[in-house]
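Q: this is a predicted model, with the sequence first.
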Amino acid sequence: MKQEHSFRQFVLALAVGTALSATTASAAITDQDIADDAKTTADVVSYGLGLQGQRFSPLDKLNTDTVKNLTPAYVLSYGDEKQRGQEAQPLVANGKIFTTASYSRVFAVDAKTGEELWQYDHRLPEGIMPCCDVVNRGGALYDNLFIFATLDAQLVALDQETGKVVWKEKMEDFKAGYSNTAAPIVVKGKVITGVSGGEFGIVGKVEARDAKTGKLVWSRPTVEGHMGTLDGKDNGITGETNKSWPGDLWKTGGAATWLGGTYDAETDSLFFGTGNPSPWNSHLRPGDNLYSSSVLAINPDDGKIKWHYQWTPHDGWDFDGVNEFIPFDLKKEDGTVIKAGGHADRNGFFYVLDRTNGKLINATPFVNQITWAKGIDLKTGRPEYIDDNRPGKPGEGADKGTSVFSAPSFLGGKNWMPMAYNPNTELFYVPANEWGMDIWNEPISYKKGAAYLGAGFTIKPLNEDYIGALRAVDPKTGKIVWEAKNKAPLWGGVLTTAGNLVFTGTPEGYLKAFDAKTGAELWKFQTGSGVVGIPVTWEQDGEQFVAVPSGWGGAVPLWGGEVAKSVKHLNQGGSLWVFKLPKTS
Amino acid sequence: MNVTTVFAAAFACCLLANPAHADLENVKTKGTLSASLYKDFPPYSFVKDGKQQGIDVALAEAIAQKLGVKSEVRLVTPSDEKLEDDLRNNVWKGHYLGGGVTDMMLHMPYDNAYSAKVDQVKFIAPYQLEQVVFAFDTNKVGKQPTLANFTSAAIGAEIDTLSDFYLLEAMQGKISNNVRHFPNLTLAVEALKKGDIAGIMGPRGELEGILAERPEHIQIQRLITPGLARDSWAMGVAVKAEYADLATAIDNAMAELVRDGTVKQIFEQHKLTYAPPAVPPTATTTTPAATTAQK
């Protein structure tokens, strides 16, 4: 009943608020604003609540004691029939909330009243073939602009006041299979993006453009042998041509940078993860296939690669290596501090690297079952493969006799959804999933009307009662300090705060808050559709707010099998939920 | 097996069925038979001079004519993963981005083992046997090359196809360094004509169609492909499983078109050797040795 009551209050507030609200002149977002985003509490101007992507807020009004009073403030419905996965992280500045939505849409909302200020519907051409739902993960703010990438691989800058297009740049040809769903970041006046796309024929890259004009500054391909550019001129080849690929496969090597990246000012490095190599079957491409399934440290000024670390050399499981690499200070027992970075890979290992040079410090499982490797050798930094558990050659096992069970499944111990790091608890909060897959060669398969050597797979939950598990990982030891299980797979991002809280959403529709030290569930709210978006928090008129998009979708519902049992009843949606801790409480 | 008898049998069986369902009536009422065909797919379906052209476009038209309606062709982007996606997007469900389905889709496999995996669709009206062949430059590999020639000469393939995977693995990987990947066979043929590569492995229909005008030193023929479980497959039409009457009507129409020589004529107009469909081989029982023996 409390909720209903608040809702009436909200309607009243809306009426009054509209009458009183005057247009505030918006201050332009500067590089300093972005650099300080992790510390400032009145706004959220970057993906990750700061370019390091720790998703930590120093706000503590909302804490383990007060979170029970967190109340809905307003909700915005995205409207129409385009109710697909809502995976975005909202941004907040100058009294406005900006969020992207499925089908390359953007909404701007009055942060006081929840009223929509403007909506931008990107006109999508026919023939786009996004692999895994029509999602968008968020935008970037710079100057008077809101910049985001579209499913047809364009980068669009909108005026924050009006939603009108200021500039628009084609990043790649969608007809060649390219797309983009990740949130860009702005570093020193340049907007930095990756690229996503189908498996075949594409080559990943990281690019920097002048954030005010969209003009390309540098481009860095992520597969060895490809030439980078700076100011329109050649700027050196990535790696060494054909060193770790057979024949001409490097030309179409994949390694898509489809999840964007983070930036660390202390080492002045961008960290971008790369996707799996193509073709999918690893037996067709002996070698490490650099720089697929890796993280690259890149100089933001010229696009040169400083170092790389390959999570899964010769990836044969479609693990990718795109998951975020989050810079943090690793405090050792002797009091020394290492400039480190944390990463939870699809392959099931949680890695800690020295972010100044890419050297492996530690790698430990964050899921209960890993079949592809015994471990990661801390001396060499390479996996100790279990060869029998590598999926077989295409055409092999025509009698379908050679099915391999692989855990994690290709959807990963953790997928795209960003984890968070809390410098107070010194723990990472990882939205993990426990699932494996049977994978076999499919001799009777077709593609584009022609016989083909495909692979078949079924994803299987590893436990009866849960797939998802929010886990607190201690980066010093790799130990899992606590976990909170969830029946359906977790697919939403995580937020942590100085109020000793961890927020994340569930496909069952809840936004939940946990005690960051113990994992005790302290609060939850049913949003009406699955939450696969990323929560944020900020302070406004002396009250702490939390916002999260709600709308079930993403890659999970596209795959059937036994996983479907825990998600097939979930309804789609599309809305932005905003909560606040009222002053009185 | 005689193709005509197969069709005659199918025809006879279906005369006994009661043709009073809505699917065929709907097609007749709206006056059009809509077909999904692959985009940019010469010589089967493509746009040239602003006009839809190709063998599959002509076949769709011929079937529509038999049904007494107009043909309406939708050119679609193929899935980069598997045919089941194309069937879902164009035949039985529709893409989640919208656009709905069409009455039929051409260039679909006619293969019992495959049909068993896709319940939502009926595979009917086989009209062609497609085979994997080689186009090669006789100046580079002579008039009677074998696969071994390509351990020392560059060979092209469309990326992520049966031919691509076969070449990467054939002869214990000895060819893999010479495989050149192309986004489509039109570009591979350009490279062959320029002399950048010595050969191409791919489906006969596509290669013959794209190489309709070819210099004397470029030949197309089958080569022995040890270890390739399937080097030919039958093509037909796919319709939604519930469309029993429409399926029968299309099946009958195609049987007539094959029998009266229309299909052969359409292939020959596009400068293709017409190979009528045979009973599709099943990979589960075909060993590499058997494939070689067929040859």
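A: That came in fine, so what should we check first? Every value quoted in this text rests on a predicted model; they were computed, and no experiment measured them.
Q: what's the local residue count around residue 208?
A: In the absence of a named chain, this looks at chain A. By the criterion of other C-beta atoms under 10 Å in any protein chain shown, A:A208 has 25 neighbours. To be clear about C-beta, it is placed using only N, CA and C from the backbone, and glycine gets the same treatment.
Q: that was the other one, I meant chain B.
A: By other C-beta under 10 Å, 19 other residues sit near B:E208.
Q: so what touches the host helix or strand of it?
A: B:E208 is located in helix B:204-210, with elements delineated by DSSP states H and E. Taking C-beta atoms under 8 Å, 6 or more residues apart in numbering or on different chains as the criterion, the residues outside helix B:204-210 that touch it are B:41-44, B:55, B:128, B:130-133, B:135, B:185-186, B:189, B:200, B:220, B:270-273, B:275.
Q: and that helix, what's buried?
A: By neighbour count on 16 or more other C-beta atoms under 10 Å in any protein chain shown, the buried set for helix B:204-210 is B:204-210.
Q: now do stretch A:117-125
A: A:117-118, A:120, A:122, A:124.
Q: likewise stretch A:221-230?
A: Buried positions in stretch A:221-230, judged by neighbour count with 16+ other C-beta under 10 Å: A:221-226, A:228-230.
Q: can you check stretch B:182-202 too?
A: Buried positions in stretch B:182-202, judged by neighbour count with 16+ other C-beta under 10 Å: B:182, B:184-186, B:188-189, B:192-193, B:197-202.
Q: enumerate the residues of the stretch 101-250 of chain A near chain B.
A: For the stretch 101-250 of chain A, the contact set with chain B under C-beta under 8 Å from any C-beta of the partner chain comprises A:124, A:126-129, A:134, A:176-177, A:198-201, A:246-249.
Q: so B:E61, which state does it fall into?
A: Three-state assignment for B:E61 (DSSP: H, G, I helix; E, B strand; the rest coil): helix.
Q: show me what contacts it?
A: B:S71.
Q: please repeat the previous calculation with a cut-off of 10 Å.
A: Taking C-beta atoms under 10 Å, 6 or more residues apart in numbering or on different chains, we find B:E61 in contact with B:33, B:35, B:52, B:70-73, B:266.
Q: over to A:Y446?
A: Taking C-beta under 10 Å, 6+ apart, we find A:Y446 in contact with A:452, A:454, B:82-84, B:86-87, B:107-109, B:111, B:114, B:118, B:162, B:233, B:235.
Q: what distance do you get for A:Q160 to A:T213?
A: For A:Q160, the distance to A:T213 equals 16 Å [C-beta to C-beta, to the nearest Å].
Q: apologies, that question was intended for A:G127.
A: When C-beta to C-beta is applied, the distance between A:G127 and A:T213 equals 29 Å.
Q: try A:E333
A: Applying C-beta to C-beta, one obtains 50 Å for the distance of A:E333 from A:T213.
Q: contacts only, for the nearest residue to A:T497 once chain neighbours are set aside.
A: On the basis of C-beta to C-beta, 6 or more residues apart in numbering or on different chains, the spatially nearest residue to A:T497 that is not a chain neighbour turns out to be A:S57, at 4.6 Å. Neighbour list for A:S57: A:38-41, A:44, A:49-50, A:420, A:422, A:495-499, A:501, A:503, A:536-539, A:544, A:546 [criterion: C-beta under 10 Å, 6+ apart].
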